[in-house]
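Undergrad: starting from these lines, generate the structure:
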Amino acid sequence: MKIAPASLRILSVTLIVLFVAIGGVYYYWNAASPRSTCESCHEIESSSDMWAHSGHRDFSCRECHGTALSSGLHSLKEKGMMFVHHFTGTGSGRIMLDEQQVLEMTGNCRRCHGAEYARWLSGGHSATYAAIFLNDKHNAAEQLNADCLRCHGMFYRGRIQDLVTPVSQKGPWKLAAPGQSNQPVIPCLTCHKIHLAGSPAVPAEYADPAKIFYGSRRGGLSTLLLYDRYEKIHVQPSALPLLKVREGKRDVKVSDDPRQRVCFQCHAPNAFHQAGTGDDRTPRGVHEGLSCLSCHESHSNESRQSCMNCHPAISNCGLDVTKMNTTFLESRSPHNIHFVRCIDCHAKGIPARRRPK
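TA: Modelled structure (predicted):
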């Protein structure tokens, strides 16, 4: 069948007009304010309101979330399904990021927070699915269960049996989706929320030295949260309970640092709250009452330099604590820094404090 020249011209013009119209709408949607675009969808209105008061309010939505074409057909299908769910009423009414989108967000965090990302990558919290769920020694000692996903893989939407097989203490174990092997189980959004009330950083008022020191806000509290896998919300540290820890019948003094309450959600003792059980790291002995963040760097968990912060060579004891037989020097040392006591090193009695001459 031969198409007439006139029909061909009409078809060509129609396609060009359609292409220009779609291109124009696409450009406008990505360039205009979220108030005129994203927020027109009521499901996103609450997130947009939080963004407007956050430290990220000077960035457009696309800089973190990408566009309908940023990931090719994957993102186009994803954005298209939002319209389908909206108009068919099949959605939940609450737009949530899935795990793949969370990991994409982690990559976007890296663009601005390169130093924090590098420290996270060098620490234990960047552990992968393979490192956690295919650990033969751990799996043989403790059977995998649903609660594993509360701390490791909280954005994974399936069940533990959908992730690892077999769910038993006898392997060999393998991941149902091999592609997840190198994905991190504790990404940035585990402890941070993008749409969080805050203010962009501003230079200090150098004309008023008093405000540089006394007027500065203490960082680390407003940006730290905990993602609850079951409720699918971020929880403020102040809303988390202060953990009660006991050593026998004695109550252990626990730091009231709100940030430590986030640590306790994963590094917790057993159901009887006995210190040192489970994955508990509550300081006891000479370090009782200290916060986790007194020694551990927040992103990398590094603590190698922390001893010298409080015990320099010019301290009262006059000893180089980095060379003492503790876990700071040797991981297998019997004198674990988390619960070392004076008597552990001073078997003949604690010497009197030397007074400076």
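
Undergrad: number of residues surrounding Ser60?
TA: Applying other Cβ atoms under 10 Å, we find 17 residues neighbouring Ser60. For glycine as for every other residue, the C-beta is placed from the backbone atoms N, C-alpha and C.

Undergrad: mind checking the SS state of the spatially closest residue to it that is not a sequence neighbour?
TA: Leaving aside its chain neighbours, Ser60 sits nearest to Pro34 (7.1 Å; criterion: Cβ to Cβ, 6 or more residues apart in numbering). Following DSSP: H, G, I helix; E, B strand; the rest coil, Pro34 is assigned to coil.

Undergrad: against Pro5, how distant is Pro34?
TA: When Cβ to Cβ, to the nearest Å is the yardstick, Pro34 and Pro5 sit 46 Å from each other.

Undergrad: wait, the residue nearest to Ser60 sits on Glu63?
TA: No: using Cβ atoms under 8 Å as the test, Pro34 is too far from Glu63 to be in contact (11.2 Å).

Undergrad: for Thr165, the count of nearby residues, please.
TA: Count around Thr165 with other Cβ under 10 Å applied: 15.

Undergrad: ditto for the one 4 residues further on
TA: For Gln169, the number of neighbouring residues by other Cβ under 10 Å comes to 11.

Undergrad: for it, which non-adjacent residue is spatially closest?
TA: Gln169's closest residue in space is Gln143 (Cβ to Cβ, 6+ apart), at 5.0 Å.

Undergrad: if I look at the one you found, how far off is Val167?
TA: For Gln143 relative to Val167 (Cβ to Cβ), the value is 7 Å.

Undergrad: looking at the two, which one has more neighbours?
TA: Val167 (17 against 13).

Undergrad: which SSE is that one in?
TA: According to DSSP states H and E, Val167 maps onto no helix or strand at all.

Undergrad: state the distance from it to Gly278.
TA: For Val167, the distance to Gly278 - Cβ to Cβ - is 20 Å.

Undergrad: repeat for Glu302
TA: 23 Å.

Undergrad: what do you get for Leu196?
TA: 30 Å.

Undergrad: who has more neighbours out of the two?
TA: More crowded of Leu196 and Gly278, by other Cβ under 10 Å: Leu196, with 18 against 15.

Undergrad: distance check, the more buried one against Tyr117.
TA: Counting by Cβ to Cβ, the gap from Leu196 to Tyr117 is 18 Å.

Undergrad: residue ranges of the helices in the stretch 151-300 of the chain, please?
TA: Counting by DSSP state H, counting those that start in this stretch, the stretch 151-300 of the chain has helices at residues 160-163, 209-213, 258-264.
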